[in-house]
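Asks: Below are the sequence and a predicted model; questions follow.
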Amino acid sequence: MKKASSLSELGFDANGASSGFFRPVADDAGLCTPTSHRRRLTKVSVIGAGNVGMAIAQTILTRDLADEIALVDALPDKLRGEMLDLQHAAAFLPRTRLVSDTDIAVTRGSDLAIVTAGARQIPGETRLNLLQRNVALFRKIVPALAEHSPDAILLIVSNPVDVLTYVAWKLSGFPVNRVIGSGTNLDSSRFRFLLAEHLDVNAQDVQAYMVGEHGDSSVAIWSTVSVAGMPVLKSLQESHSSFDEEALEGIRRAVVNSAYEVISLKGYTSWAIGYSVANLVSSILRDQRRIHPVSVLATGFHGIADDHEVFLSLPARLGRGGVLGVADMELTEEEASRLRSSAKTLWENSQLLGL
Ligand SMILES: NC(=O)C1=CN([C@@H]2O[C@H](COP(=O)(O)OP(=O)(O)OC[C@H]3O[C@@H](n4cnc5c(N)ncnc54)[C@H](O)[C@@H]3O)[C@@H](O)[C@H]2O)C=CC1
Ligand SMILES: CC(=O)C(=O)O
C-alpha cells in the first residue's frame with residue numbers, strides 16, 4: 001500500500017503562512033515580498049536512481065548545490081524508496097525539495113540533467129560492450145529530456161560515456177557547449193590519488209590529467225604532472241633512475257584497472273563517481289570556471305580529423321554556460337598519437353550507430 005509521505009498528503013496545508021502557523025512579515029510599505037523578487041531556484045534532475053545516480057544525488061544534497069532534485073527511474077518502488085530514504089535525512093541537510101517519478105516529465109524546467117540510467121558492466125566486461133543496450137535507452141530518454149528542459153545542460157555519466165555523450169548531443173539537438181560527458185574527471189582523480197600515495201602528498205596538490213577515452217585507451221599526460229607547480233616527471237627522472245617508461249605505464253594501467261578491480265570486489269563503482277560528478281555540478285551551476293577533464297567534442301584537437309565527430313576528454317573550462325572553452329594543451333608526440341588512437345576507437349564505435 002502506498003503510504004503518505006508528506007503533511008500535504010496527510011491533509012495538512014503545506015503553506016505554513018496560510019495555515020496560520022506563521023504570520024506573513026510585512027515590509028516598511030506594509031507589503032510582503034512579491035514572488036517575482038525571489039531568487040530563481042536551481043533544479044537538477046538525475047535520470048537513473050541506481051548506485052551511481054543515488055551517490056550523485058546524495059553528494060549534491062550534502063554540498064547544497066540545488067534547490068530541487070528530481071529523480072527518475074524505471075522501477076517505481078525502488079525509486080520511491082530511494083526518495084523517501086533521502087527525504088528522511090532532511091533534518092541534517094540543507095533544504096532541498098526532492099521529487100521523483102517514473103515519468104520523465106518530472107524533470108521539466110531542469111537547469112542540469114544528469115543521465116546515469118542504463119546497463120552497467122559485469123566483472124571483466126568493458127564499457128564499450130554496453131553500447132548497444134544503452135543507446136537503445138538513450139533513444140527514449142534524451143529526446144524527452146530535451147523536450148521538457150530545452151535550456152538545460154546535459155551531463156552524461158552512463159557508459160560508454162564518450163560515445164553516449166555523442167549520442168546525447170545528436171539526439172538532443174542541443175548546442176555542443178551544453179552536452180558534457182563526465183569523462184576522465186574520475187580517471188584523473190584516480191591518477192592523482194595514486195601519484196599522491198607514491199609521493200606522500202595530498203592528492204589535491206597534485207595536478208595531473210588523464211585524457212581521451214574514459215576507458216581502456218585513456219591517456220596519462222605525464223608531461224604536465226606537477227606538485228605545487230613543480231614538474232614531477234623531470235624530478236623523478238633525475239632522482240630515481242628506476243623510474244622508467246615501464247613504471248609510468250604501470251601507473252597508467254593501475255588507473256585503467258581501478259574500475260575493473262572495484263567492480264570485481266563490490267559489483268559496481270559509486271562513491272568516487274558521485275564526488276566526481278558533484279564536483280562538475282558545482283563548477284557548472286556556481287559558474288566556477290574551473291578546468292576539468294570532461295568529454296567534449298574534440299574534432300580538430302591534436303590532429304583529430306576534421307570530419308571525425310568524436311567526444312573524448314580534454315581539459316575544459318566549465319561554467320553556467322556549460323563548456324566555456326577547451327584547453328589546447330601541449331602534448332608530446334607520443335601523447336598526441338595515443339590520444340588520436342583513443343579518438344579512432346571511439347569514432348569507429350559511434351559510426352556503427354548511424355546517427
Ligand atoms: N562515467 C563514469 O565514470 C561511470 C559510469 N558508470 C555507468 O553508470 C551507469 C549506471 O551504473 P549503476 O548506477 O551502477 O547501475 P544500476 O543498475 O545500479 O542503475 C541503473 C539504473 O537505471 C535504471 N533505468 C533503466 N532503464 C531506465 C529508464 N528507461 N529510465 C530511467 N531509469 C532507467 C535502472 O532501473 C537502474 O536503477 C552504467 O552505465 C555504468 O557503467 C558507473 C560508474 C562510473
Ligand atoms: C564504471 C566506471 O566507468 C568507472 O568506475 O570508472
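Replies: Perfect, I can see it now. Ligands and ions are numbered 1, 2, ... in the order given.
Asks: C-alpha only now, for contacts and for neighbours.
Replies: Will do.
Asks: Tell me which residues are up against stretch 51-62.
Replies: 46-47, 66, 69, 82, 86, 93-94, 96, 115-117, 268-271, 273-275, 277-278, 281 (C-alpha atoms under 8 Å, 6 or more residues apart in numbering).
Asks: ok, now stretch 99-109?
Replies: By C-alpha under 8 Å, 6+ apart, the surrounding residues in contact with stretch 99-109 are 43-45, 68-76, 79-80, 83, 113, 141, 144-145, 148-152.
Asks: Please flag which of these sit within strands.
Replies: With DSSP state E as the criterion, strands contain 43-45, 68-72, 113 from among the contacts of stretch 99-109.
Asks: ok, the residues you listed vs ligand 1, which is closest?
Replies: Nearest to ligand 1, judged by C-alpha to the nearest ligand atom, of the ones in strands among the contacts of stretch 99-109 is Val72 at 5.5 Å.
Asks: For Ala247, see how far away the closest one is.
Replies: For Val72, the distance to Ala247 (C-alpha to C-alpha, to the nearest Å) stands at 44 Å.
Asks: Neighbour count: those two, which is higher?
Replies: Neighbours were counted for Val72 and for Ala247 using other C-alpha atoms under 10 Å; Val72 has more, 29 against 11.
Asks: out of everything not next to it in sequence, what's closest to Ser258?
Replies: Leaving aside its sequence neighbours, Ser258 sits nearest to Arg190 (C-alpha to C-alpha, 6 or more residues apart in numbering; 7.6 Å).
Asks: Number of residues surrounding the one you found?
Replies: Around Arg190 there are 23 residues (other C-alpha under 10 Å).
Asks: and what of the one 5 residues further on?
Replies: Each residue near Leu195 was counted by other C-alpha under 10 Å, and the total is 21.
Asks: and it, which of the three is it?
Replies: Three-state call for Leu195 (DSSP: H, G, I helix; E, B strand; the rest coil): helix.
Asks: Which pLDDT value belongs to Ala29?
Replies: pLDDT recorded at Ala29 is 58.
Asks: Stretch 78-95 - what's its average pLDDT?
Replies: The pLDDT scores in stretch 78-95 average 97.
Asks: Endpoint to endpoint, that stretch covers what distance?
Replies: Terminal-residue distance, stretch 78-95 (C-alpha to C-alpha): 23 Å.
Asks: list the buried ones in that stretch?
Replies: For stretch 78-95, the neighbour count (16 or more other C-alpha atoms under 10 Å) marks 79-80, 82-84, 86-87 as buried.
Asks: Please apply the same query to stretch 284-291.
Replies: By 16+ other C-alpha under 10 Å, the buried positions in stretch 284-291 come out as 284-285, 289-291.
Asks: CA atoms only for it, dumped as PDB, please.
Replies: This file holds the C-alpha atoms of stretch 284-291, laid out as PDB (Å, rounded to 0.1, in the frame of the first residue of the first chain):
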ATOM      1  CA  ILE A 284      28.800  24.400 -13.700                       C
ATOM      2  CA  LEU A 285      25.900  25.700 -11.600                       C
ATOM      3  CA  ARG A 286      28.100  28.000  -9.500                       C
ATOM      4  CA  ASP A 287      29.900  29.300 -12.600                       C
ATOM      5  CA  GLN A 288      33.300  28.400 -11.100                       C
ATOM      6  CA  ARG A 289      35.200  28.400 -14.400                       C
ATOM      7  CA  ARG A 290      37.300  25.600 -13.100                       C
ATOM      8  CA  ILE A 291      39.200  23.300 -15.500                       C
END
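Asks: how far away is Ser283 from ligand 1?
Replies: Ser283 sits at a distance of 17 Å from ligand 1 (criterion: C-alpha to the nearest ligand atom, to the nearest Å).
Asks: let me fix that: Asp200
Replies: As judged by C-alpha to the nearest ligand atom, Asp200 and ligand 1 stand 26 Å apart.
Asks: Against Val25, how distant is that residue?
Replies: In this view, Asp200 and Val25 are 56 Å apart by C-alpha to C-alpha.
Asks: Helix or strand with the lowest mean pLDDT in this structure?
Replies: Ranked by mean pLDDT, DSSP states H and E, the helix or strand of the chain with the weakest confidence is helix 232-239, at a mean of 76.
Asks: The stretch 51-200 of the chain: helices as residue ranges?
Replies: For the stretch 51-200 of the chain, applying DSSP state H, counting those that start in this stretch gives helices covering 51-62, 76-87, 131-148, 161-172, 185-199.
Asks: okay, the angle between the longest helix along the chain and helix 232-239?
Replies: Determined from DSSP state H, the single longest helix within the chain is helix 245-266. Put simply, helix 245-266 runs at 120 degrees to helix 232-239, going by axes from the mean of the first three to the mean of the last three C-alpha atoms, to 10 degrees.
Asks: Now helix 245-266: average pLDDT?
Replies: For helix 245-266, the per-residue pLDDT averages 91.
Asks: helices or strands up against that helix?
Replies: For helix 245-266, the packing partners by 3 or more C-alpha pairs under 8 Å, 6 or more residues apart in numbering; DSSP states H and E come out as helix 185-199.
Asks: And for the helix it packs on, what's in contact with it?
Replies: Outside of helix 185-199, the residues within contact range by C-alpha under 8 Å, 6+ apart are 202-204, 206-210, 214, 251-252, 255-256, 258, 272-273, 276, 292-294.
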